[in-house]
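Engineer: From the sequence below, what's the structure:
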Amino acid sequence: MRPARIFWAAAALLLAMASHSAAAELRVVRLSFTNGWNALPALVAIERGFFAQEGLVVSGLAVPSVNAIGNSLLAGSSDLAILPQRNFLKMAQLKMPIRAISISGWDTQMQLVVPASDARTKSLNDLKGKSMALGVASNALPAFIRLLNQSNMTLKDVEIRFLDSSKLTQVFPAKMADAIFETRHFTDVMTMKKLGRVAVGHEEIKEKIGLIQSDPLLARQEFIEKEPETVQRFVNAWVKALQYIQQDSKDASRVLTIFFHRLGVASVDEKLAHSWVTYSRHDRYFWSESDIADAKYNAWGLKEAGQLKAVPEDLEKYIDNRFARKAMEKLKAELPPSPAAK
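Structural biologist: Numbers count the residues shown, from 1 in each chain. So this is what the prediction gives:
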């Protein structure tokens, strides 16, 4: 067994033993998340015992509709939720009683891919007057708008075709669009099958627009006010899960594979799941000024695309970093010293 896994297993056992007499203090927390790879931190925290270490019974539910998750959060049937950043921006713009208390993942890799037969397209400017496929309600949309802006283009220069996620990998065989701008979860399928090639890669996209793209862990404001201790315990476990994903991405991919198999997606194996784990980073725990500035830029992109009425200039009010900062301090204190420190 790898050292990192030995440490976490031992920590879970010791804490469980210490907490055995405190069963009356257990708290039930209801968490909703999407039925995709964004659920990874929640799955790891549940299955590797990090919530149990904190004395929490987490009722986790995978929900296919992000709107249903948002409604559940607002109605109080969910205490916390994992949602794409664009949904958080919309809720903040509408001044809904929610707060981002941590990050579920960031820097999700995106690509601009064209058919393999297209040898001419080298940049976004080469696609003026052509059609571009994106997923419905995709986080790639604001990044694409920003990329257009940096390329001195507007939405009038291309025709965006929004497609259901199940159709994104069929864009080129079915001739649905001249190009696709999406996360690598979809574009890699086409490049691996040699149906498409990368015209603009993720590193070039980041260089052009400085993309961070942090997705939030959201909590109801009422839940934060009434049960701050429970929220702290939840975030303690959350930060441990994010740390674990970085330390043992292969085991995290096994957890993700099992999750998809339970959803009936038998085509996902550990190799594919592991690639999905590496497409996003999990080493940010709280919202920095850079995260907030990037989110506001994305809000501008969504506004330009007619998906948002206004940019939530007071976005800082909807972010509460107290719990994540304290969880980081706690985790640092619990970790064994490095060999160099001895």
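
Engineer: Spell out the residue ranges of the helices in the stretch 151-300 of the chain.
Structural biologist: Remark: helices assigned in the stretch 151-300 of the chain by DSSP state H, counting those that start in this stretch are 184-192, 202-209, 221-226, 228-247, 249-262, 270-278, 289-304.

Engineer: Please identify which of these is closest to Asp126.
Structural biologist: helix 202-209 (13.9 Å; Cβ to Cβ). Bear in mind the C-beta positions are built from the backbone N, C-alpha and C, glycine included.

Engineer: Now do the closest one: which elements does it pack against?
Structural biologist: strand 110-115, helix 140-150 (3 or more Cβ pairs under 8 Å, 6 or more residues apart in numbering; DSSP states H and E).

Engineer: out of the helices of the stretch 151-300 of the chain, deepest packed?
Structural biologist: Highest mean neighbour count of these: helix 228-247, a mean of 22 (counted as mean count of other Cβ atoms under 10 Å).

Engineer: before we move on, the earlier item: for the helices and strands packed on helix 202-209, give me TSV that also has mean pLDDT and mean neighbour count.
Structural biologist: As requested, these are arranged in TSV below (pLDDT from 0 to 100; neighbours: other Cβ atoms under 10 Å):
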stretch	mean pLDDT	mean neighbour count
strand 110-115	96	25
helix 140-150	95	23
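
Engineer: Make a markdown table from these and add distance to Gln213 to it.
Structural biologist: Converted to a markdown table, the helices and strands packed on helix 202-209 look like this (distance: least, Cβ to Cβ, whole Å):
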| stretch | distance to Gln213 |
| --- | --- |
| strand 110-115 | 8 |
| helix 140-150 | 7 |
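
Engineer: Ile224: which of these is closest?
Structural biologist: Across the helices and strands packed on helix 202-209, closest to Ile224 is helix 140-150 (Cβ to Cβ), at 26.9 Å.

Engineer: low-scoring pLDDT stretches of this structure, where are they?
Structural biologist: 1-24, 337-342 (pLDDT under 70).

Engineer: hmm, back to that, please tabulate the helices of the stretch 151-300 of the chain in CSV, including the columns distance to Leu141.
Structural biologist: CSV is the format used below for the helices of the stretch 151-300 of the chain (distance: least, Cβ to Cβ, whole Å):
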stretch, distance to Leu141
helix 184-192, 14
helix 202-209, 13
helix 221-226, 27
helix 228-247, 26
helix 249-262, 25
helix 270-278, 20
helix 289-304, 7
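
Engineer: Which one of these lies nearest to Leu26?
Structural biologist: helix 228-247 (10.3 Å).

Engineer: distance between that closest one and the chain's centre?
Structural biologist: 15 Å (Cα atoms, centre = their mean, to the nearest Å).

Engineer: Extract the C-alpha set from that helix and format it as PDB.
Structural biologist: In PDB, the C-alpha atoms belonging to helix 228-247 read as follows (Å, rounded to 0.1, in the frame of the first residue of the first chain):
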ATOM      1  CA  PRO A 228     -21.000  26.900  11.400                       C
ATOM      2  CA  GLU A 229     -19.400  24.000  13.300                       C
ATOM      3  CA  THR A 230     -20.900  21.400  11.000                       C
ATOM      4  CA  VAL A 231     -19.900  23.500   8.000                       C
ATOM      5  CA  GLN A 232     -16.300  23.600   9.300                       C
ATOM      6  CA  ARG A 233     -16.200  19.800   9.800                       C
ATOM      7  CA  PHE A 234     -17.500  19.300   6.300                       C
ATOM      8  CA  VAL A 235     -14.800  21.600   4.800                       C
ATOM      9  CA  ASN A 236     -12.200  19.900   6.900                       C
ATOM     10  CA  ALA A 237     -13.100  16.600   5.200                       C
ATOM     11  CA  TRP A 238     -13.400  18.300   1.800                       C
ATOM     12  CA  VAL A 239      -9.900  19.700   2.000                       C
ATOM     13  CA  LYS A 240      -8.500  16.300   2.900                       C
ATOM     14  CA  ALA A 241     -10.300  14.800  -0.100                       C
ATOM     15  CA  LEU A 242      -8.700  17.400  -2.400                       C
ATOM     16  CA  GLN A 243      -5.300  16.600  -0.900                       C
ATOM     17  CA  TYR A 244      -5.900  12.900  -1.300                       C
ATOM     18  CA  ILE A 245      -6.800  13.300  -5.000                       C
ATOM     19  CA  GLN A 246      -3.400  15.000  -5.600                       C
ATOM     20  CA  GLN A 247      -1.500  12.300  -3.700                       C
END
